[in-house]
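**Q** test case, fold it:
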Amino acid sequence: MNKDEIIVKSLLKWHQRHRRIFPWREEKERDPYKSLVAEFFLQRTPANRVAAFLPIFLQEFPSPLKLAKANVAYLENVSHGLGLKKRILWLVESMKIICQKYEGEVPNKLEDLISLPGVGNYTAAAVLCFGFGRGVPIVDANVVRVLTRIFGLQETQRTGSNTLKEIARRLLPKGQAVAYNEALLDFAAVVCKKRPLCGACPLTNLCDYYRS
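**A** Alright, predicted model coming up:
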């Protein structure tokens, strides 16, 4: 196996033992709406806090139509303390657009998702992967940290870097995008943090950052 194949295999094996459990991951069927709402909340709020709030929120607002009709002041009140004020406005506006333009169904094209208020490349890719099961790479700041370390890239690389995009596409295993992307995100959160736990890392023999 080459380096890419070993990285993917190692991450998937690590994830079998260390996968984090969240409400948005445990759906029996893929739900693009729930995925989109979760990704809005996860943009700046810690996952454990979103995990406690999301099921309650979705019980009250189980569809784009319900959320599109919601009172913004009420939403700001129930989500107080989570730092969602601006994102709540974007979320409601996005649901209105989804109801008006896409017949109440979350769009399944990247360009349509990105056109929604508050939805960037990462959020759109995450919804396509986790909401629709599409084979697309997802690259946020945490994934950038992992990839720049493993491949010895400059820390100034950003999510829009063509080099990083190419590496992310190259690593994505066919038919295992959801499992692999989850593994990469969990690995970044648990092991390859800003202060990495290299002693717990299964990739040290492949990591340029560790070897240097």
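
**Q** isn't Ser212 right up against Gly152?
**A** Yes: using Cβ atoms under 8 Å, Ser212 makes contact with Gly152 at a distance of 7.2 Å. In this view, the C-beta of every residue, glycine as well, is placed from N, C-alpha and C.

**Q** which residue of those two possesses the greater neighbour count?
**A** Taking neighbours as other Cβ atoms under 10 Å, Ser212 and Gly152 compare with Gly152 leading, 11 against 7.

**Q** if we ignore the residues flanking it in sequence, what's nearest the more buried one?
**A** Among residues not flanking Gly152 along the chain, Asp208 sits closest, at 3.0 Å (Cβ to Cβ, 6 or more residues apart in numbering).

**Q** contacts only, for that neighbour.
**A** Residues in contact with Asp208 (Cβ atoms under 8 Å, 6 or more residues apart in numbering) are 149-152.

**Q** again, but for Gly133
**A** When contacts are counted by Cβ under 8 Å, 6+ apart, Gly133 touches 30, 177-178.

**Q** PyMOL command for the buried members of these?
**A** A single PyMOL command selects the buried members of these (16 or more other Cβ atoms under 10 Å):
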select buried, resi 177+178
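
**Q** ok, the most centrally placed residue in the chain - contacts?
**A** Taking Cα atoms, centre = their mean as the criterion, Ala126 is the residue nearest the geometric centre of the chain, at 4.6 Å. By Cβ under 8 Å, 6+ apart, Ala126 lies in contact with 35, 39, 138, 181.

**Q** for it, helix, strand, or coil?
**A** Secondary structure, DSSP: H, G, I helix; E, B strand; the rest coil: Ala126 is helix.

**Q** and the pLDDT at it?
**A** pLDDT recorded at Ala126 is 97.

**Q** what does Gln157 give?
**A** 56.

**Q** same question for the one 4 residues further on.
**A** The pLDDT attached to Ser161 in the predicted structure is 77.

**Q** number of residues surrounding it?
**A** Using other Cβ under 10 Å, Ser161 has 18 neighbouring residues.

**Q** now it: how far from Val143?
**A** Applying Cβ to Cβ, to the nearest Å, the value for Ser161 to Val143 is 12 Å.

**Q** how about Arg195?
**A** For Arg195, the distance to Val143 - Cβ to Cβ - is 17 Å.

**Q** more crowded one of these two?
**A** Between Arg195 and Val143, counted using other Cβ under 10 Å, Val143 has the larger neighbour count: 22 against 6.

**Q** ok, then the element right after whichever strand or helix holds that one?
**A** Using DSSP states H and E, Val143 sits in helix 141-150. Per DSSP H and E, the first helix or strand lying C-terminal to helix 141-150 is helix 162-171.
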